[in-house]
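**Student:** Predicted model, plus sequence, below.
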Amino acid sequence: NAGVTQTPKFQVLKTGQSMTLQCAQDMNHNSMYWYRQDPGMGLRLIYYSASEGTTDKGEVPNGYNVSRLNKREFSLRLESAAPSQTSVYFCASSDFAGGLFDEQFFGPGTRLTVL
Amino acid sequence: AQSVTQLDSQVPVFEEAPVELRCNYSSSVSVYLFWYVQYPNQGLQLLLKYLSGSTLVKGINGFEAEFNKSQTSFHLRKPSVHISDTAEYFCAVTANNAGNMLTFGGGTRLMVKP
């Protein structure tokens, strides 16, 4: 099993450009998450999808959109990138299905720089 | 809503010495607690978790943590660290009303010196 995979690994954008970060998991998990990691702030939740066909905002959703394409894939889109979106982005998945807490499994991350 | 405070941003320690990384949380409901480790340029890996039962939780790589409800703490300990333990460590919390959404602390960078 590959677990959680993310593409690309690195990306440099200019202010105003758009891009989509891709995430896929092969563990048949219901829930998927997008986080950003900034120095000293830990990880902050951008959006999550509790199940296929549903998405909800997390702590820092402004400037982002998501799509849960199917059970395996959850993409994050930046429509008009800003320097404040320079960060490392992590996708995660878990088997949470309403009441049974368990760990989240993380991808290797995408390092994004916006100039 | 939950919050997590990791009291030390950096902890330097010599190899084979014991270490404690501190984590305090706040929540108005029962919580579930996790410690994750992040090695340089990698994703996060679960070290251990507290969901219920014994308050002393053992994880991978010789780490353990104790859930203390009265002090709202979940400190991580290892009796003897190795160079390979150099990494960033994150404490995280979720709760019954949080839908398995994790709230993370700011992280503690453990630096093991020879």
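**Tutor:** Okay, I see it. Everything numeric here is computed off the predicted structure, so don't read it as measured data.
**Student:** A:D38 touches A:F90, doesn't it?
**Tutor:** No: A:D38 lies out of contact with A:F90 (C-beta atoms under 8 Å); the separation is 11.6 Å. Yep, even glycine has a C-beta here, placed from its N, CA and C like the rest.
**Student:** Those two: who's more crowded?
**Tutor:** Higher neighbour count among A:D38 and A:F90: A:F90, with 25 against 14, using other C-beta atoms under 10 Å in any protein chain shown.
**Student:** ok now do that one, which residues does it touch?
**Tutor:** A:6, A:34-37, A:43, A:106-107, A:109-110, B:43-44 (C-beta atoms under 8 Å, 6 or more residues apart in numbering or on different chains).
**Student:** Mind doing that once more with 6 Å?
**Tutor:** A:35, A:106, A:109 (C-beta atoms under 6 Å, 6 or more residues apart in numbering or on different chains).
**Student:** same for chain B: which of those are within range?
**Tutor:** Among those, the residues lying close to chain B (C-beta under 6 Å from any C-beta of the partner chain) are A:106, A:109.
**Student:** taking the contacts of A:F90 one by one, which sit in helices?
**Tutor:** If you go by DSSP state H, these have nothing in helices.
**Student:** Counting neighbours, what do you get for B:C23?
**Tutor:** 25.
**Student:** Return the distance of it relative to A:S31.
**Tutor:** 24 Å (C-beta to C-beta, to the nearest Å).
**Student:** For chain A, what lies in contact range of chain B?
**Tutor:** A:40-43, A:45, A:94, A:96, A:101, A:103, A:106-109.
**Student:** Widest-spaced pair of the residues you listed?
**Tutor:** A:G40 and A:F96 (27.8 Å; C-beta to C-beta).
**Student:** so which of the contacts of A:F90 is the most crowded?
**Tutor:** A:Y35 (28 neighbours).
**Student:** is it true that that residue touches A:L43?
**Tutor:** Yes: A:Y35 lies in contact with A:L43 (C-beta atoms under 6 Å); the separation is 4.2 Å.
**Student:** so what's the residue positioned nearest the centre of chain A up against?
**Tutor:** Nearest to the mean C-alpha position of chain A, counting by C-alpha atoms, centre = their mean, stands A:W34 at 2.5 Å. Taking C-beta under 6 Å, 6+ apart, we find A:W34 in contact with A:46-47, A:76, A:91.
**Student:** go on, B:V11?
**Tutor:** B:108, B:110.
**Student:** Identify the bridge partners of A:F74.
**Tutor:** In this entry, A:F74 is beta-bridged to A:R68, by DSSP bridges.
**Student:** Many thanks, have a good one.
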